[in-house]
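1. no FASTA, just this:
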């Protein structure tokens, strides 16, 4: 059922894609369905190019013969479609379970529009119930961990197969649980200013809309203009 909802949300977002768009591809289990749907539309004649936020998403795009560009050579993106670990009614989101939050944020920032796709379990009253992924330069691991503790965050080094998990850029990920996240905007500013932090999973201004599917019914959230 959850996969059915992920696919339903993905199809709703992919319906926004038009010929000659440059589309940003997110990363993760929900973004997978969006890329698969785009592959079907490309096979049926849709003319688009894409940039990918991870090696995994790039590989999927290549397998589906979706024209892929290098983000290093792209200055602007028309539409990005990506998943989220949590999203609330303000279109505030936490992302990064797939380890690609920094690249995802770069592509989102370059996008004229970013939409999140999610199943109903990801819709929350206020973000902060899941650990916040923080991408860290390995040299700064101990320092950043101490600074996060001072911010009342409990950090766990992400591992894979018994070894530290490395992002596609070769950095570590700390999954940080905060006792409360009452002021996410303030927290994001503090993380942005912390030496050694490469990126983090707080997406507070990047998300323009969200398609959320629950029990096969897709609802749409649009960012309030008052939130910027």
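-> Arrived safely. As the structure is a computational prediction, the values presented were derived from the model and not from experiment.
2. so who does residue 109 touch?
-> Residue 109 sits next to residue 206 when contact means Cβ atoms under 8 Å, 6 or more residues apart in numbering. In this view, the C-beta of every residue, glycine as well, is placed from N, C-alpha and C.
3. what does residue 214 give?
-> Counted by Cβ under 8 Å, 6+ apart, residue 214 has contacts 5, 119, 120, 123.
4. what about it, distance to residue 123?
-> With the distance defined as Cβ to Cβ, to the nearest Å, residue 214 ends up 7 Å from residue 123.
5. could you flag which of the contacts of residue 214 are buried?
-> The neighbour-count criterion (16 or more other Cβ atoms under 10 Å) marks 5, 119, 120, 123 among those as buried.
6. hang on, isn't the last one packed against residue 87?
-> Yes - using Cβ atoms under 8 Å, residue 123 and residue 87 qualify as a contacting pair, with a distance of 6.2 Å.
7. Which segments of this protein make up each domain?
-> 2-125+204-221, 132-199 (automatic domain parsing).
8. What about the closest residue in space to residue 128 that isn't next to it in sequence, how many residues nearby?
-> Once flanking residues are discounted, residue 128 sits nearest to residue 181: 3.0 Å by Cβ to Cβ, 6 or more residues apart in numbering. Residue 181 has 20 neighbours, counted by other Cβ atoms under 10 Å.
9. what does the one 4 residues further on give?
-> Residue crowding around residue 185 was assessed by other Cβ under 10 Å; the count is 11.
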